[in-house]
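In: dropping the sequence and predicted coords here.
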Number of protein chains: 2
Amino acid sequence: MTYAIAIHGGAGVIPKSMPEEKRQEYVDSLERALRLGRDLLRGGGASLDAVEAVVRFLEDDPRFNAGKGAVFTHEGGHELDAAIMDGRTLACGAVAGVRTVKNPVALARLVMERTPHVLLAGEGADRFAAEMSVERVRQSYFSTPHRYRQWQEALKKKRAEKLPGDQGTVGAVARDLHGDLAAATSTGGTTDKRSGRVGDSPLIGAGTYANNRTCAVSGTGAGEEFIRNAAAHDVSALMEYRGLGVREAAETVVLRRLKPGDGGLIAVAADGTIAMVFNSAGMFRGAADSCGRFEVAIWE
Amino acid sequence: MTYAIAIHGGAGVIPKSMPEEKRQEYVDSLERALRLGRDLLRGGGASLDAVEAVVRFLEDDPRFNAGKGAVFTHEGGHELDAAIMDGRTLACGAVAGVRTVKNPVALARLVMERTPHVLLAGEGADRFAAEMSVERVRQSYFSTPHRYRQWQEALKKKRAEKLPGDQGTVGAVARDLHGDLAAATSTGGTTDKRSGRVGDSPLIGAGTYANNRTCAVSGTGAGEEFIRNAAAHDVSALMEYRGLGVREAAETVVLRRLKPGDGGLIAVAADGTIAMVFNSAGMFRGAADSCGRFEVAIWE
């Protein structure tokens, strides 16, 4: 295997009754994202550049809960989280609760490359974006009618009735021609979340991890469960310390550590093997590699 | 072993030339904190209550970089981080970048017990504090002349000259009479940090972790290195997946994963064995257990 990439657009309760036209739109978008990453890798590009490019593409697609199309907070705004990690060096960067950045994953990469820090949160992250001259937008840029309706419905329900997580977090993991691994994840979080809530996506070891010795991982689902289980790092640890393959390690975390319905994750091993495992009704996902694999799927 | 507790008050460049009077003040404070936790455990108290009480005590002590005595940010303010975790259930709570809360560890516990979330950051965390009616203070409460001088010196230096981390993060890990583990960590971060920077202390799996199956861990030092190595969860994973004892696991992470000078961590295993390992010039620390051990130390 010389290169391999897997992507996701969120896990959760994705109704199989989805209209065919809508299903096709998701499939088309996932295929375009996958092709973008695959072509970068095939041309000798770095896995870090491929996962960033794919996640940026999905952030710009209003269908997914990241960048444009992010869910609403309880207060009616948008607070975005993202992380990126380089498996060669364990270098990583992340942002949480940014409000004005069009592509949070690009800001996460700048945190990695231009600061001595890993995670910048809240106003400090938006100020860093201003210094770096990344593209900034008004909060209304992120809003879509679909997410607005979801928020209005959430406001009517009691907290206990709510489903854990909101489908649409996006992520990518890749192994490039040089054998280097990288992972990236981006999300708007959960509908009607309390302002300031940070989920697993921007937390290294929880929703995002990459280490050339083992694998690159991006998770999606009930973020708090991924955090308390250190899910992304656990996949890596099961490979490194127990000698599991990436599929067995991913299944152990998703099917035995997490609870049914919590979500899923994608992972790629140092040898290019891909795992895509979920315990929810569905997960928007895709996988491609140098052996000619190129496929996207939503349900089993 | 029926109960055991370890505490720390930060690792880093602690000069052995410290005046005897000052050294004695640190020792006295660590002994009082340790006695407070030990007595709670001896009386049948829960490990979760013991680690919270110890960390609150150290937050109130201006000698340590947590609560009163926290370091200054680049902007001249204070932004505090804390986490707490219950090894029985993996329940956990954390806050990052709070500015108005006297005892951040107590707010972290409320995030754990009163919200469906794990981590609240920035203004959202301070708003949650207001709702919960926890004790709030002005920013000036946290300031001390010592930390002000440190900040002024840092402002004069170039970024590259700065030491990684600032000694004084506090933490505690405990195993109670019921066999339950808990961990808590609290910090003001690094002197002259960029506003919004979140270190490892409030990140579950990085600076804080607890799992009854393995151990409870609290770290201190160069936070970004703890994050990229998922240091606290790695200790747990080495025990669970490779069968190492807590001391061997802690040494593997501190002496082989982290770099010399990065800092250290304290850990207690499910059987009550304590590990306190550091790769810096010193670590303020203490350990006590039901076999009569009661000791504090700063250097080797």
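Out: Looks like it came in fine. Residues are numbered from 1 along each chain as shown, chains lettered A, B, ... in the order given.
In: how about the residues of the stretch 151-300 of chain A by chain B?
Out: Within the stretch 151-300 of chain A, the positions lying close to chain B (Cβ under 8 Å from any Cβ of the partner chain) are A:159, A:193-199, A:203-206, A:209, A:223-224, A:227-230, A:233-234, A:237-238, A:241-242. Bear in mind the C-beta positions are built from the backbone N, C-alpha and C, glycine included.
In: repeat that for 6 Å
Out: A:195-198, A:203-205, A:224, A:227-228, A:230, A:233, A:237, A:241-242 (Cβ under 6 Å from any Cβ of the partner chain).
In: now A:Gly221: how far from chain B?
Out: 14 Å (Cβ to the nearest Cβ, to the nearest Å).
In: burial measure for that residue, as a count.
Out: The burial count assigned to A:Gly221 is 31, neighbours taken as other Cβ atoms under 10 Å in any protein chain shown.
In: so it touches A:Gly10, yeah?
Out: No: taking contacts as Cβ atoms under 6 Å, A:Gly221 lies outside contact range of A:Gly10: 8.2 Å.
In: pull the contacting residues for the closest residue to A:Gly45 other than its chain neighbours.
Out: With Cβ to Cβ, 6 or more residues apart in numbering or on different chains as the criterion, A:Gly45 has its nearest non-adjacent residue at 6.7 Å, and that residue is A:Asp176. By Cβ atoms under 6 Å, 6 or more residues apart in numbering or on different chains, the contact list for A:Asp176 reads A:3, A:41, A:46-47.
In: rerun that using 8 Å as the cut-off
Out: By Cβ atoms under 8 Å, 6 or more residues apart in numbering or on different chains, the contact set of A:Asp176 is A:3, A:41, A:44-47, A:50, A:182.
In: sorry, back to before: shared neighbours of A:Gly221 and A:Gly10, which are they?
Out: Shared contacts of A:Gly221 and A:Gly10, counting by Cβ under 8 Å, 6+ apart, come down to A:Thr169.
In: quick one: the strands in the stretch 201-300 of chain A?
Out: A:208-210, A:215-221, A:263-269, A:274-278, A:282-289, A:294-297 (DSSP state E, counting those that start in this stretch).
In: averaged pLDDT, the first one. What do you get?
Out: Yep, that's strand A:208-210 we're talking about. Averaged across strand A:208-210, pLDDT comes to 98.
In: which elements pack onto that strand?
Out: strand A:80-86, strand A:91-98, strand A:181-187, strand A:215-221, helix A:231-242 (3 or more Cβ pairs under 8 Å, 6 or more residues apart in numbering or on different chains; DSSP states H and E).
In: could you rerun that using 6 Å?
Out: Helices and strands touching strand A:208-210, as assessed by 3 or more Cβ pairs under 6 Å, 6 or more residues apart in numbering or on different chains; DSSP states H and E, comprise strand A:80-86, strand A:181-187, strand A:215-221, helix A:231-242.
In: report how many residues lie close to the residue lying closest to A:Arg88 once chain neighbours are set aside.
Out: In space, and not counting its chain neighbours, A:Arg88 is closest to A:Asp180: 5.0 Å by Cβ to Cβ, 6+ apart. Residues near A:Asp180, counting by other Cβ under 10 Å, number 19.
In: list the contacts of A:Asp180.
Out: Here A:Asp180 is in contact with A:47, A:87-88 (criterion: Cβ under 6 Å, 6+ apart).
In: any chance of the residues you listed in CSV with pLDDT as columns?
Out: Shown next, in CSV, are those (pLDDT from 0 to 100):
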residue, pLDDT
A:Ser47, 98
A:Gly87, 98
A:Arg88, 98
